[in-house]
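Engineer: next come a sequence and a model predicted from it.
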Amino acid sequence: MKRVYSLTIMISATLLTGCVATTSPPVISDFNGDSVKLVTPMMAENLRKANEICGTRNRSAQYASTTTIESDIAFGEKAEHLYLCI
């Protein structure tokens, strides 16, 4: 009985972690010195990361565009955000 109870708790915890909304950090998909593309969930904050990356060339980031690249029920919408390094 104790073993079944432990297994039930483990399965419940595993299923619940799949339901928790998590914010993943921006992922750099392209950087050429003049622009940077970040892939993130739609609601993520990207300007700080873009400025950090453009700052390696003593420039600041300016938002240019967003392209939706993935839509998934489990993970939500993801987009690629283009920032120009000026």
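Structural biologist: Right, received. Where do you want to start? All figures in this text were calculated on a predicted structure; none of them were measured in a lab.

Engineer: how about the strands in the protein?
Structural biologist: Counting by DSSP state E, one finds strands in the chain at the ranges 27-31, 35-41, 61-72, 76-85.

Engineer: quick one: which of the ones you listed is nearest residue 53?
Structural biologist: Using Cβ to Cβ as the measure, strand 35-41 is the one of the strands of the chain that comes nearest residue 53, at 4.7 Å. Glycine gets a C-beta too; all of them are placed from N, C-alpha and C.

Engineer: what pairs with the closest one, parallel or antiparallel?
Structural biologist: The pairing partners recorded for strand 35-41 under DSSP bridges are strand 27-31 (antiparallel), strand 76-85 (antiparallel).

Engineer: list of residues touching that strand?
Structural biologist: Applying Cβ atoms under 8 Å, 6 or more residues apart in numbering, the external contacts of strand 35-41 come out as 23-31, 46, 49-50, 53-54, 61, 64, 69, 75-85.

Engineer: pick the most buried one from the strands of the chain.
Structural biologist: Among those, the stretch with the highest mean neighbour count (mean count of other Cβ atoms under 10 Å) is strand 35-41, at a mean of 21.
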